[in-house]
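In: Okay, predicted coordinates and the sequence, questions at the end:
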Amino acid sequence: MQFYPQSKTGFAISESVAEELGLATEYEAWQDDYDYDEFCNAFGEKFGVAPDRIAHFEYERGGYVQGLSGFDWNQTYVLFDDYNKDNDNWGPMKEKAEGDFGLIFEHGVWSELG
């Protein structure tokens, strides 16, 4: 196995943020079994752009994630592949998420063991 560079745009999520987004049930499902498909599909239907996945960056020396920059350790993020920015719905989705829900989109890079 080797480390692969990752580059994603995303926003921090918690139970309260998921509830505000109207996606509390889907977020709880992710917390139970780490299957993010239900959340990503529901988010895509609601906002027009589906996230790539949900990830929790927990610091562990020698762990699966190395060199995290742009995102915070011990935080959960909804992540979008950078190619999503080419989607015509990206701008309106981001504006709605930031304006209506106060989400802050950040860009992060790291290496992940794959």
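Out: The structure has been received and is ready for your questions. Numbering: from 1, shown residues only.

In: Using the three-state scheme, assign residue 7.
Out: Look at residue 7: counting by DSSP: H, G, I helix; E, B strand; the rest coil, its state is strand.

In: got the contact list for it?
Out: Residues in contact with residue 7, defined by Cβ atoms under 8 Å, 6 or more residues apart in numbering, are 82, 107, 108, 109. Quick note: C-beta positions are derived from backbone N, CA and C, even for glycine.

In: ok, so of these, who is nearest residue 88?
Out: Of all the contacts of residue 7, residue 88 sits closest to residue 82, with 15.6 Å by Cβ to Cβ.

In: ranges for the helices of this protein?
Out: Along the chain, counting by DSSP state H, helices occupy 15-21, 24-33, 37-47, 90-101.

In: Does anything pack onto the last one? Which helices or strands?
Out: Identification of packing neighbours for helix 90-101 by 3 or more Cβ pairs under 8 Å, 6 or more residues apart in numbering; DSSP states H and E yields helix 15-21, helix 37-47.

In: Next, the buried residues of that helix.
Out: Neighbour counts over helix 90-101 (16 or more other Cβ atoms under 10 Å) mark 90, 93, 94, 97 as buried.

In: between those, which is nearest residue 37?
Out: Among the buried residues of helix 90-101, residue 93 lies closest to residue 37 (Cβ to Cβ), at 18.7 Å.

In: just to revisit the earlier point, which of the contacts of residue 7 has the most neighbours?
Out: When neighbours are taken as other Cβ atoms under 10 Å, the top entry among those is residue 108 (18 neighbours).
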